[in-house]
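**Q** Here is a sequence with its predicted model. Questions after.
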Amino acid sequence: MGEYLIRYFIFFCVIALFVFISVMARKFPIVGALFSLLRKLLILLITIIFIGVFIFSLSFLACIGIGLAAFFLEENLFVYAGERINPFDTDHSPAVIKLSATYAILYFFAYIACILLYSRVRVHQWFVTALATITATFIVVLIYPMIIHSLFSDLTVSIKGALFLVITIFLTILGHRRKQDEDTNVNTPILNVLSQLIPFLPKRKKSVNNNRPQSF
């Protein structure tokens with residue numbers, strides 16, 4: 001009982017605060033200007049946080065992809081100082097961080113640029129998102145090795161390595177979406193954020209439980 005009273009009290013306090021701010025904004029223009037500035041700063045902060053979580057999540061999956069390539073592939077797709085990268089080697093940890101972070105940042109900017117470019121075309125949003133995702137993927141596969149070599153002279157990534165990262169991340173996100181569609185109790189914040197990377201994939205409708213007792 002006391003917990004519900006506290007919740008209602010907080011709810012009414014928030015409403016009262018907004019009413020007070022709106023009244024003060026009408027009477028004093030400077031209060032309205034400050035409130036508008038505060039709202040814009042809050043939106044900017046939320047945007048920065050979302051971008052940070054997005055890049056961190058993609059970097060995390062890229063790190064997993066680098067580890068899978070190191071342990072399951074014989075070809076040296078990722079090389080650090082002439083050696084095959086081992087994600088569990090502490091000496092190679094900075095290299096793995098550089099590779100994964102660069103991949104995430106490059107994909108993010110490529111995706112945003114493609115969205116802005118294709119949004120000028122008068123087609124359905126589904127096609128805009130799909131074209132932006134496909135184009136950003138090709139850009140990353142082709143440019144990522146050159147960016148890595150130009151930024152970090154001791155690191156080398158092959159085109160096969162970039163393609164392996166793209167495929168690994170794509171399959172991981174696709175598998176997560178299928179688990180969500182099957183109503184399994186999967187709730188991974190990182191993959192939930194990264195599911196926006198391939199938003200054009202169709203989702204299956206959740207099955208409805210028909211075994212519920214009917215009310216008469």
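**A** Looks like it arrived, so ask away.

**Q** For residue 53, see how far away the closest residue to residue 128 other than its chain neighbours is.
**A** In space, and not counting its chain neighbours, residue 128 is closest to residue 118: 4.6 Å by Cβ to Cβ, 6 or more residues apart in numbering. C-betas here are computed from N, CA, C, even on glycine. From residue 118 over to residue 53 the distance is 24 Å, taken as Cβ to Cβ, to the nearest Å.

**Q** Contacts only, for residue 59.
**A** 97, 100, 101, 103, 104 (Cβ atoms under 8 Å, 6 or more residues apart in numbering).

**Q** per-residue confidence at the residue nearest to residue 128?
**A** On pLDDT, residue 118 comes in at 87.

**Q** likewise residue 177?
**A** 66.

**Q** Likewise for the one 4 residues further on?
**A** Residue 181 is assigned 60 on the pLDDT scale.

**Q** spatially speaking, which residue is in the middle of this protein?
**A** Nearest to the geometric centre of the chain sits residue 54, at 3.0 Å (Cα atoms, centre = their mean).

**Q** can you give me the helices in this protein?
**A** Here the chain has its helices, by DSSP state H, at 2-27, 29-72, 93-118, 125-151, 159-181, 189-194.

**Q** least reliable of those helices going by mean pLDDT?
**A** Among those, helix 189-194 scores lowest, with a mean of 52.

**Q** How about residue 160: what's its closest non-neighbour residue?
**A** The nearest residue in space to residue 160 (Cβ to Cβ, 6+ apart) is residue 77, at 5.6 Å.

**Q** who are the neighbours in contact with that neighbour?
**A** 69, 157, 158, 160, 161, 164.

**Q** Residue 81: which of the residues you listed is nearest?
**A** residue 157 (13.6 Å; Cβ to Cβ).

**Q** Near that closest one, how many residues? Count them for me, please.
**A** Neighbours of residue 157 under the rule other Cβ atoms under 10 Å: 24.

**Q** roughly how far apart are it and residue 166?
**A** 12 Å.

**Q** And for residue 51?
**A** 20 Å.

**Q** Between these two, which has more neighbouring residues?
**A** residue 166 (20 against 13).

**Q** where's the closest residue to the more buried one other than its chain neighbours relative to residue 67, distance?
**A** Leaving aside its chain neighbours, residue 166 sits nearest to residue 137 (5.5 Å; criterion: Cβ to Cβ, 6+ apart). Here the criterion is Cβ to Cβ. By it, residue 137 lies 21 Å from residue 67.

**Q** Which of the two has more residues huddled nearby?
**A** With neighbours defined as other Cβ under 10 Å, residue 137 and residue 67 compare such that residue 137 has more, 22 against 17.

**Q** The more buried one against residue 165, yeah?
**A** No: the criterion here is Cβ atoms under 8 Å, and residue 137 misses it with residue 165 at 10.2 Å.

**Q** Next one: residue 141 from residue 6, what distance?
**A** Taking Cβ to Cβ, one finds residue 141 at 53 Å from residue 6.
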